[in-house]
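Visitor: model the structure of this input:
(chains A and B)
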Amino acid sequence: MSFTSIDFLAFFGILIILYYALPKKIQWIVLLVASYTFYTLAGLKYIGFILFTTITTYLVTRYMDENLQRQDLYLKKHKTEMSKEEKKAYKKEVKSRNRLWFVITIVVNFGILFFCKACLVDPLHSMSGSAVFSFLSVGLPFGISFYMFQSMGYVIDVYRGKAQAERNFFRLALFVSFFPQLVQGPISKWEQLKDSLFTPHAFDRRQVAFGLQRVLWGFFKKLVIADRIAVAIGTLKGTEYTGVSFFVLTVFYAVQIYGDFTGGIDIAIGVGETLGVKMPENFIRPFFSKNIAEYWRRWHISLNEWMKSYIFYPITVSGPMLKLALKTRAKLGRFGMRIPVYIGSLLTWLGTGVWHGFNFHFILWGLINCVVIVISEELNPAYDRFHNRFSWSNKRGYDVFQIIRMFVLMNLIRATDLFNDVGDYFRRIGSLAWEFNFHVLWDGTMMNLGLSVADYIILICGIIIMFLVSFFSRDDVSFRVKFQKVPRVLRYVLLFLLLLSVILFGSYGIGYDASSFIYNQF
Amino acid sequence: MKKKLILIIVITVLAAAGLLFLVQGLLMPKFMSEIPEGAMIQEYYDNAGGNDVIFISDCEVYENFSPVTLWEEYGITSYIRGSAQQLIWQSYYLMEETFKYETPDIMIFNVLEMKYNTPSDTGASSQREAYNRMTLDGMRWSSSKWNSIYASMTKEERSKDGVWSYIFPILRYHDRWSELSGEDFRYLFSRDQMTDNGYLMQVKVNPVGDDYPVIPLVDYSFGDNAYYYLDKMVELCEEHGTQLVLVKAPTLSPIWYDEWEEQMEQYAQEHGLLYFNFLEKIDEIGIDWNTDTYDQGLHLNVYGAEKLSRYFGKILSEELGVKDHRGEEETARKWEEKCETYMNRKERLEKELTNIVE
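Guide: Numbers count the residues shown, from 1 in each chain, chains lettered A, B, ... in the order given. Sure, this is the predicted structure:
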């Protein structure tokens, strides 16, 4: 069931009624039933995957938690009898027992994810160019990249003692399967989600209105903008489009993926908000970033946070890395000290690339990001000197230049998504340097991409609206809070016009190749 | 305060729904100047009741039988519930729906529909979907419409908005905003009658040329699904005490194979039904393929349809005992109006044709 289908709206409508009509203490059970209904409707054949992850997550976290609790009790009971060394040895033994099952769970679950990504995806997205186990023909299990990371993050937190294991299997099952997150995230941490997921919620008119407004806004971005521009992107991927045409492709793709991904997240968070469940934000106006590090703090935040917490930091502060840092520092000075950070970054970005798909072009995407970030970090002292030397570089005009520069740079990096053939990608990047075919902008090429004049008008208006909403949220106050101050009648009229524009200008139904959310494929 | 708030919400929701309903009405195609076939199904509701004979099928009935001629010649009250490339399950559900409005003495079904067993048999999915809409959008909401939708939807329709786009047609026609014309505004609240009791008049003459090639088929058997719905028609008519009569209109293309004929004759015999294949009676009817068809024998024009109706009317009247209502004042007055509309339409279309030729 797609988020943008009428079936989903009917499902959501019924859920809201049941959720607030039934006793509050069973609200989370309603959500669990709804989540499994949603998952089953997405494909019954996938249910085994999510159940396996839920069961193994439950068993291992309960086992580890009980071991830790027993350890605390034992140490408390034998506080006076045991020496410091004995306590340390006992703790080590408990940790080693936990580690065994922790590692098995992590390896098996990530193994499943790895297997699915490498072998079960369609040939176009697999590393070898063919579906290794295509005879299974199940495709990538629905939402596996999202619920897997969410579950394994929870397992790691319990292992580290940062989270307490949930005793109720069904509550954990809801955390893993909470349906708005399954389509394309965000990837929440247990500590972030558990309170609002299991706390009873009274009907709050303002909260429900805000949630529904956000869902509507997500529909606008996905159906009116992302899906409308998709047809031109399909055309521009043709081999004849190089030089300026390729540049246009990167801009169009930026618009599409922004509308698609942030639109889907708006729907997910809006659905959660309507039900009183607060999920973490996944985007904070990423196209207003001035450098790549900032961009990645604003784009797909939950995945980057996950990677940072569970891959980057553990690697960079691990024993072997600290030892390596000492050795390289002695030989290479300040640069040597940073080598563990580079290794951590490299592995994190490789992981991020593989998360998107077990394919060379995603790995390349990760590597390029890593290289640009590392270079950017290394050049920071030079940037600082530059800004100190030239005062005009601290003014607003330069900020705008930085924003545009980052937009263009990220568009070029992001374009790796579009080409399974890495060679083709580099050929087009190269064409930017020698092909100045600006005439494609006015010689009719742009009118042969599958978009009519009306399509362009709708897109331009939609992008302006999207930009304005983003622009007016720049002081970190939600646009909806500001919008609430608009006189009621005008507000209702504007909301109706937004609804009408989604209905009239949305790319859906017969005659449209409505695409699923891009991130739903990962 | 709370009451005021609820009132505001209710008024807002109602106003929004009302506006959306209006926009939906505007966006739905009206079929007034082009493709009148799309407007035919809904015209029935203004003419429902009092019909002794109902024809149900595709263009083989709505282009070939003239209810006005049946009235003028034999005083038979009849209506044609047909639409373009109507499929047998759609005909069945239209028949079922018709019984909710009236119980005719005779229900006539044209058997060419037996050739299609599933929605995908009829060609491209997009074309089938367009035909589905022409048949289904015009139906009033009832269990018959619901079941007909489910029986008719193409794979693409099922995978997209499915039944929702029939419940809320704005979902189907949402992108017609760019092609709205004066017609959409003019016919927002009411439509003209495009047919004469379901008969779509054509006055053009386009004689039959070469013989149509008889392309052999791999399998001549009608499909199980087609038989299933034909069986249901038989049962439905029995339930209502209506006589089901099978006919094959006298059109030259699509080819009506001998093997198909045998199957229909056998079916009619086994179920005690009357079956008339008018292809075998072309000379008796008096059809002249030089003057009585508007598209080289695929359909009859008004002159051919009148001839066929005179011929069949006699059978209906003399052999099947369908009542002559011409002596009933109220009915006669109503039908006189229809005859006048028919004659005016014929005259207008002939005049338009003459102007085009000149």
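
Visitor: do I have it right that B:Arg128 meets B:Thr118?
Guide: No. In this structure, B:Arg128 is not within contact of B:Thr118 by Cβ atoms under 8 Å, at 10.0 Å. Backbone N, C-alpha and C define where each C-beta goes, glycine included.

Visitor: who's more crowded, these two?
Guide: B:Arg128 (24 against 14; other Cβ atoms under 10 Å in any protein chain shown).

Visitor: now the more buried one: which helix or strand?
Guide: Taking DSSP states H and E as the definition, B:Arg128 sits inside helix B:125-136.

Visitor: list the buried residues for that helix?
Guide: Residues of helix B:125-136 classed as buried: B:128-136 (neighbour count, 16 or more other Cβ atoms under 10 Å in any protein chain shown).

Visitor: same deal with stretch A:88-103?
Guide: Residues A:94-95, A:98, A:101-102 are the ones in stretch A:88-103 that count as buried (16+ other Cβ under 10 Å).

Visitor: residues contacting the closest residue to A:Asp399 other than its chain neighbours?
Guide: The shortest distance from A:Asp399 to any non-neighbouring residue, by Cβ to Cβ, 6 or more residues apart in numbering or on different chains, is to A:Lys290 (6.5 Å). By Cβ atoms under 8 Å, 6 or more residues apart in numbering or on different chains, the contact list for A:Lys290 reads A:399, A:402-403, A:406.

Visitor: chain B against chain A: which residues are in contact?
Guide: When proximity is defined by Cβ under 8 Å from any Cβ of the partner chain, chain B lies next to chain A at B:5, B:8, B:12, B:16, B:19-20, B:23, B:126, B:129, B:156-157, B:160-162, B:164-165, B:168, B:170-172, B:174-175, B:177-178.

Visitor: swap the cut-off to 7 Å and go again
Guide: Counting by Cβ under 7 Å from any Cβ of the partner chain, chain B comes close to chain A at B:12, B:16, B:23, B:129, B:156-157, B:160-161, B:164-165, B:170-172, B:174, B:177-178.

Visitor: can you find the helix or strand in chain B with the smallest mean pLDDT?
Guide: helix B:155-159 (a mean of 83; mean pLDDT, DSSP states H and E).

Visitor: off-centre distance for it?
Guide: Between the centre of helix B:155-159 and the centre of its chain there are 24 Å (Cα atoms, centre = their mean, to the nearest Å).

Visitor: quick check: next helix or strand after that helix?
Guide: Proceeding N to C from helix B:155-159, the next assigned helix or strand is helix B:164-167, under DSSP H and E.

Visitor: for the helix or strand just after that following helix, which outside residues touch it?
Guide: Counting by DSSP H and E, the next helix or strand C-terminal to helix B:164-167 is helix B:170-173. For helix B:170-173, contacts defined as Cβ atoms under 7 Å, 6 or more residues apart in numbering or on different chains pick out A:6, A:503, A:509-510, B:20, B:23-24, B:27-29, B:133, B:161, B:164-165.

Visitor: what helix or strand is the closest residue in space to A:Leu451 that isn't next to it in sequence on?
Guide: Using Cβ to Cβ, 6+ apart and skipping residues adjacent in sequence, the residue nearest A:Leu451 is A:Ala232, 5.1 Å away. Assigned by DSSP H and E, A:Ala232 belongs to helix A:227-236.

Visitor: equivalent analysis for B:Lys100, please.
Guide: Using DSSP H and E, B:Lys100 sits in helix B:88-101.

Visitor: counting by contacts, list what the helix or strand just after that helix packs against.
Guide: Next helix or strand after helix B:88-101 toward the C-terminus (DSSP H and E): strand B:106-110. With contacts taken as 3 or more Cβ pairs under 7 Å, 6 or more residues apart in numbering or on different chains; DSSP states H and E, strand B:106-110 sits against strand B:53-57, strand B:243-248.

Visitor: repeat that for 10 Å
Guide: In this structure, strand B:106-110 packs against strand B:53-57, helix B:59-62, strand B:78-82, helix B:88-101, helix B:224-240, strand B:243-248, strand B:274-277, with contacts taken as 3 or more Cβ pairs under 10 Å, 6 or more residues apart in numbering or on different chains; DSSP states H and E.

Visitor: show me the contacts for A:Trp349.
Guide: A:296, A:307, A:311-312, A:363, A:365-374 (Cβ atoms under 10 Å, 6 or more residues apart in numbering or on different chains).

Visitor: if you set the cut-off to 6 Å instead, what comes out?
Guide: If you count contacts by Cβ atoms under 6 Å, 6 or more residues apart in numbering or on different chains, A:Trp349 has them with A:366, A:369-370.
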